[in-house]
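*Asks:* got a structure for you, letters missing:
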């Protein structure tokens, strides 16, 4: 396959009527320009230029090939320009992996508004609490809880001060006394979340610089955070949820925050991207929208 640079030298030589003039126009040495023509002639197995000590002219094969070379360069330049233009436009397709609760109750509305503002964007949303392998699966971005563990990924903080909140429904609290201390959880049915086959049974609470760790028990475990939320709203037990996931439930009174004098476990939210070279204007715009909405 002919090289882009070799085609450029050939067309320039035909336009200038001289290989040395073409080399000067392209800021190349005469030797480099001559080598480009030789490679192209070798690739095509024909003589393109008839050279003498005083002049240069196209051979019959060169005359026939010149139009094809011009069109090929024009197409390649157009393609390059299209790519550069696309890098500056907030458009294209993005595939996002998002947690179940956050995706359904917070991000869905933000992403709708983002697409309304930028109609050139199309989205594929993968909702799951199981972690997507960004380096192996066709995903552009992932929104995750917790400090990023893979240093090879590009990580942007969205809500670094988010924490977990102990909560229960009014119905559950009507039937069970509200806990006053973390150890009181040992007498409650605790709705637990499992990630990668590891059940989150150790619940942490901080106050006055001291951390209390409670190994909770309960009759329900799920790897879907949305299901744990539904169980809590239905009065099945206590839940230990990200504040972002249940903020609307707390405001509406569907869930009640408990042990509010304690700080729950940190649950920062990050936007992850596989490679820095993937950071298009569309991704940067989305990152800004998410950060503005979630950071407060």
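*Replies:* Right, received. Where do you want to start? This structure is a prediction, so every number in the text was calculated from the model and none was measured.

*Asks:* Quick one: residues contacting the nearest residue to residue 239 once chain neighbours are set aside.
*Replies:* Spatial nearest neighbour of residue 239, excluding adjacent residues (Cβ to Cβ, 6 or more residues apart in numbering): residue 232 at 3.7 Å. (Glycine included, C-beta is placed from N, CA and C.) Residue 232 makes contacts with 167, 168, 169, 172, 191, 238, 239, 241, 246, 255, as judged by Cβ atoms under 8 Å, 6 or more residues apart in numbering.

*Asks:* Nearest to residue 288 among these?
*Replies:* Within the contacts of residue 232, proximity to residue 288 (Cβ to Cβ) peaks at residue 246, which comes in at 25.1 Å.

*Asks:* circling back to that earlier point, part of a helix, is the residue nearest to residue 239?
*Replies:* Yes: secondary structure assignment (DSSP: H, G, I helix; E, B strand; the rest coil) places residue 232 inside a helix.

*Asks:* distance of it from residue 123?
*Replies:* Using Cβ to Cβ, to the nearest Å, one obtains 29 Å as the distance from residue 232 to residue 123.

*Asks:* still on that earlier bit, possible to save the contacts of residue 232 as a markdown table with neighbour count and pLDDT?
*Replies:* As requested, those are exported to a markdown table (neighbours: other Cβ atoms under 10 Å; pLDDT from 0 to 100):
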| residue | neighbour count | pLDDT |
| --- | --- | --- |
| 167 | 27 | 98 |
| 168 | 27 | 98 |
| 169 | 22 | 98 |
| 172 | 23 | 98 |
| 191 | 26 | 98 |
| 238 | 28 | 98 |
| 239 | 30 | 98 |
| 241 | 25 | 96 |
| 246 | 24 | 95 |
| 255 | 25 | 98 |
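
*Asks:* If we only consider these, which is nearest to residue 144?
*Replies:* Top of the list for closeness to residue 144, among the contacts of residue 232 and by Cβ to Cβ, is residue 241 at 15.8 Å.

*Asks:* tell me which element the closest one falls in.
*Replies:* strand 238-242 (DSSP states H and E).

*Asks:* Ok, residue 38 next?
*Replies:* When secondary structure is defined using DSSP H and E, the element that contains residue 38 is helix 30-44.
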